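> here is my input, please return the structure:
(chains A and B)
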Amino acid sequence: MALTDAAATARAAGEISYDELPDFVIETPRDKTHGDFAANLALLLARQARQSPRNIAAAIVRHLERPQPGVARVEVAGPGFINFTLDNQWLLPVLPAVLAEDDHYGWSNIGQGARVQVEFVSANPTGLLHMGNARGAALGDSIANLLTAVGYDVTREFYINDAGNQIENFGLSLEARYLQALGQEAAIPEDGYHGEDLVATVGRFIARYGDKYLDTDPALRREMLVRFALEEKLDAIRRVLEDFGVTYDVWFSEQSLHDSGAVARTIADLEKAGYIYEKDGALWFKATSFGDVKDEVVVRKNGIPTYFAADIAYHRNKFERGFERVINIWGADHHGHVARLKGALQALGYDPRRLEVVLMQLVRLYQGGEILRMSKRTGQYVTLEELIEEVGRDAARYFFVMLKSDSHLEFDLDLARSQSADNPVYYVQYAHARICSILRLARDRGLEIPPAREARLELLQDPAELELIKQIAAWPDTVAGAAQALEPHRLTRFAHDLAGLFHSFYTSCRVLADDPEVRKARLVLVEATRITLRNVLHLLGVTAPERM
RNA sequence: GCGCCUGUAGCUCAGCUGGAUAGAGCAGCGGCCUUCUAAGCCGCGGGCCGCAGGUUCGAAUCCUGCCAGGCGCGCCA
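Numbers count the residues shown, from 1 in each chain, chains lettered A, B, ... in the order given. Got it, this is the predicted structure:
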């Protein structure tokens, strides 16, 4: 604001000229020696003013009001940046605020209580969770945490694919295992489920029902088997996800959309809107009307609706439940589905922008330098359960969120198994444990963390101390930015930087110093660091250990 | 063939929505524990940011075209 005034004054004085002030930005420079904030105003004005950016910057700085509160230095630098260096004292009030806000430090109300739904994992309930599901779980849960932190009313949801062809296949496979177990000849369909897990499931089914369904109607037999197996599989999925720190608010059944008539109603409404036509005995949705490359079948020739039809009904249902934003975490292999689904929602009268799809590239597993394929057919894949067992929940969650979702993730199982200190999560957790150790020792000596107002924070003058405070102060903006971009990987970066600054501080400054005033001030700083670190880890779903 | 994603240090990846001399971890080399946890700190080396054009005062970032890899393009989900 002061900058625009200064520019206007400079123009009035005839030192520079422009018609309209461009939209300039004030940002924090990468390089600390460039001050705390930098404005690119002069660079943007160069063309209009027909002067060199440096001259313009100099003119603006000349007309800047001299005594700016909290600003220690203003200078022109580089090609014409105007750099502001803050008075260090300006930073200090953040520390009492951190202690006061505690586990809400960094939170905000950007979302203003708007309801948002995050749907993630939604794995086929016919099997176990694999690495791709694990990445989705870590990403989705952290995104949900982020949105909660910035003031949204968040619902976590798991969509159960308990309808369609795969369930048919599942039933046939279970039936074959059932008949085999009872001494009959039966073959699992070629594209069925060949995993040994079904043998065990059927074993438990027989333990409960015996051969009761041996001579019954096969359709009923399959229905009973499927119901039993799905319940078992879903229980297992729910347990593993809970072990991974993920708890859902809603488990939504695809079948329920068929049972309630929601699918049929949705197709009818699309037809009314003029986006359905018949070809080759099937009903098609005009996805091409919404920029897709081809149309898509919603009802097959045999009269059974497709998965796509159910998905449209499902997403309509989400909006009908009152969610303002609907966020899906999908594997990149589903990307072709995004445009059609948005198109269908638009056809139903919804703003397609309310559906946001976060696509994550697939996870590739390496072991012994070779790629491991994830195949349900061969049954050879690493499950989330195994991953948690071998790597631990914290490392797994941190690792999955550390990368941008659209980067391919190469997961080296050997490295993960080694549980070595190479894993960045230990670096962050170690900082937290170290702080807790200091605070424990202080308490043992009868030294409590003083109320922040009683500490002489202006004693915190060491560069390591000031850098640490700056990072702590940057936390709320980091949360807001990560939430807005739906990019939880920014949190791991922040956590790593914060831990690093703390470790440096720890090396150069002694917290339990002899001088009681310095000690008090540093105890406040360390406590603020602990709170911030814990809050980051909390959003990541990673524990903040007090000892390591 | 068409579409989406990716290509940055030996390896794995950041790069905050176009800024200043492109960063971190690991790997390599050299230092630092009689005082709060060495799972740590400090320093050194290492780069045609896939290639070629374009836009701009300014490009790893935006546009176009190539090249390479991954994934899609079923009346599967």
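> hmm, stretch A:171-185 in reach of RNA strand B?
No: Stretch A:171-185 lies apart from RNA strand B when judged by C-beta under 7 Å from any atom of the strand; the minimum separation is 13.2 Å. C-beta: built from backbone N, CA, C; applies to glycine.
> now that stretch: buried residues?
A:Gly171, A:Leu172, A:Ser173, A:Leu174, A:Glu175, A:Ala176, A:Arg177, A:Tyr178, A:Leu179 (16 or more other C-beta atoms under 10 Å).
> show the average pLDDT along it.
The pLDDT scores in stretch A:171-185 average 94.
> do the same with stretch A:59-70
Stretch A:59-70 shows a mean pLDDT of 75.
> what's the end-to-end length of it?
For stretch A:59-70, the first-to-last residue distance is 22 Å (C-alpha to C-alpha, to the nearest Å).
> measure the most centrally placed residue in chain A to A:Lys520 for me?
The centroid of chain A falls nearest to A:Ile143 when counting by C-alpha atoms, centre = their mean (3.1 Å). For A:Ile143, the distance to A:Lys520 (C-beta to C-beta, to the nearest Å) stands at 39 Å.
> ok, now A:Asp87?
For A:Asp87, the distance to A:Lys520 (C-beta to C-beta) stands at 22 Å.
> so where's chain A shaky on pLDDT?
For chain A, applying pLDDT under 70 flags the ranges A:1, A:30, A:50, A:66-69, A:368-381, A:418-421.
> the stretch 1-150 of chain A: helices as residue ranges?
All helices of the stretch 1-150 of chain A, identified by DSSP state H, counting those that start in this stretch, fall at A:2-12, A:41-49, A:53-62, A:94-101, A:131-149.
> just put those helices in JSON lines and tack on distance to A:Glu389.
Formatted as JSON lines, the helices of the stretch 1-150 of chain A follow (distance: least, C-beta to C-beta, whole Å):
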{"stretch": "helix A:2-12", "distance to A:Glu389": "57"}
{"stretch": "helix A:41-49", "distance to A:Glu389": "55"}
{"stretch": "helix A:53-62", "distance to A:Glu389": "59"}
{"stretch": "helix A:94-101", "distance to A:Glu389": "36"}
{"stretch": "helix A:131-149", "distance to A:Glu389": "13"}
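> closest to RNA strand B out of the ones you listed?
Comparing the helices of the stretch 1-150 of chain A against RNA strand B with C-beta to the nearest atom of the strand, the closest turns out to be helix A:41-49 (3.5 Å).
> anything in the closest one near RNA strand B?
Yes: residues of helix A:41-49 are located near RNA strand B by C-beta under 7 Å from any atom of the strand, namely A:Leu43, A:Leu44, A:Ala46, A:Arg47.
> enumerate the residues of the stretch 51-200 of chain A near RNA strand B.
Contacts of the stretch 51-200 of chain A with RNA strand B, taken as C-beta under 7 Å from any atom of the strand, map to A:Pro53, A:Ala77, A:Gly78, A:Pro79, A:Phe81, A:Asn83, A:Asn124, A:Asn161, A:Ala163, A:Gly164, A:Asn165, A:Gln166.
> go again with 6 Å.
A:Pro53, A:Ala77, A:Gly78, A:Pro79, A:Phe81, A:Asn83, A:Asn124, A:Asn161, A:Gly164, A:Asn165, A:Gln166 (C-beta under 6 Å from any atom of the strand).
> same deal with the stretch 401-548 of chain A?
A:403-404, A:406-410, A:421-422, A:424, A:426-427, A:430, A:433-434, A:436-438, A:441, A:481, A:485, A:493, A:496, A:500, A:503-504, A:506-507, A:509-512, A:547-548.
> now intersect these with the helices, please.
A:424, A:426-427, A:430, A:433-434, A:436-438, A:441, A:481, A:485, A:493, A:496, A:500, A:503-504, A:506-507 (DSSP state H).
> got the phi and psi for the spatially closest residue to A:Leu384 that is not a sequence neighbour?
Nearest non-adjacent residue to A:Leu384, counting by C-beta to C-beta, 6 or more residues apart in numbering: A:Leu129, 4.0 Å away. The phi and psi values for A:Leu129, taken as degrees, to the nearest 10, are phi -80, psi 130.
> how many neighbouring residues does A:Leu129 have?
By other C-beta atoms under 10 Å, the residues close to A:Leu129 number 23.
> re the thing from before, which pair in the buried residues of stretch A:171-185 spans the largest distance?
Pairwise distances across the buried residues of stretch A:171-185 (C-beta to C-beta) peak at 12.4 Å, for the pair A:Gly171 and A:Leu179.
> wait, doesn't the residue nearest to A:Leu384 sit right on A:Leu387?
No: judged on C-beta atoms under 8 Å, A:Leu129 makes no contact with A:Leu387 at a distance of 9.0 Å.
> just the buried members of the ones in helices among the residues of the stretch 401-548 of chain A next to RNA strand B?
By 16+ other C-beta under 10 Å, those give A:Pro424, A:Tyr426, A:Tyr430, A:Arg434, A:Cys436, A:Ile438, A:His496, A:Gly500, A:Tyr506 as buried.
> and the fifth one, how far from A:Thr543?
What that stands for is A:Cys436. A:Cys436 is 12 Å from A:Thr543, by C-beta to C-beta.
> point me to the residue of the stretch 51-200 of chain A nearest RNA strand B.
Closest point on the stretch 51-200 of chain A to RNA strand B, by C-beta to the nearest atom of the strand, is A:Gly78, at 2.5 Å.
> which residues does that residue contact?
Residues in contact with A:Gly78 (C-beta atoms under 8 Å, 6 or more residues apart in numbering) are A:His34.
> A:Ser122 and A:Phe505, how far apart?
44 Å.
> nope, A:Gly192 is what I meant
A:Gly192 sits 60 Å away from A:Phe505, taking C-beta to C-beta as the criterion.
> which residues are in contact with the residue lying closest to A:Asp280 once chain neighbours are set aside?
Distances taken as C-beta to C-beta, 6+ apart place A:Lys301 nearest to A:Asp280, at 6.8 Å, with adjacent residues excluded. Going by C-beta under 8 Å, 6+ apart, A:Lys301 touches A:Asp280, A:Gly281, A:Ala282.
> for A:Lys301, which three-state class applies?
A:Lys301 falls in the coil class when you classify it by DSSP: H, G, I helix; E, B strand; the rest coil.
> against A:Lys279, how distant is it?
For A:Lys301, the distance to A:Lys279 (C-beta to C-beta) stands at 10 Å.
> now A:Ala474
A:Ala474 is 57 Å from A:Lys279, by C-beta to C-beta.
> between the two, which one's more packed in?
Relative neighbour count places A:Ala474 above the other of A:Ala474 and A:Lys279, with 18 against 9, counting by other C-beta under 10 Å.
> single out the most deeply packed of the helices of the stretch 1-150 of chain A.
helix A:131-149 (a mean of 25; mean count of other C-beta atoms under 10 Å).
> related to what we said a few turns ago, now, the buried residues of stretch A:171-185 that are in helices?
With DSSP H as the criterion, helices contain A:Gly171, A:Leu172, A:Ser173, A:Leu174, A:Glu175, A:Ala176, A:Arg177, A:Tyr178, A:Leu179 from among these.
> next, format those residues as JSON lines and append distance to A:Val526.
Shown next, in JSON lines, are these (distance: C-beta to C-beta, whole Å):
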{"residue": "A:Gly171", "distance to A:Val526": "60"}
{"residue": "A:Leu172", "distance to A:Val526": "62"}
{"residue": "A:Ser173", "distance to A:Val526": "58"}
{"residue": "A:Leu174", "distance to A:Val526": "58"}
{"residue": "A:Glu175", "distance to A:Val526": "63"}
{"residue": "A:Ala176", "distance to A:Val526": "63"}
{"residue": "A:Arg177", "distance to A:Val526": "59"}
{"residue": "A:Tyr178", "distance to A:Val526": "62"}
{"residue": "A:Leu179", "distance to A:Val526": "66"}
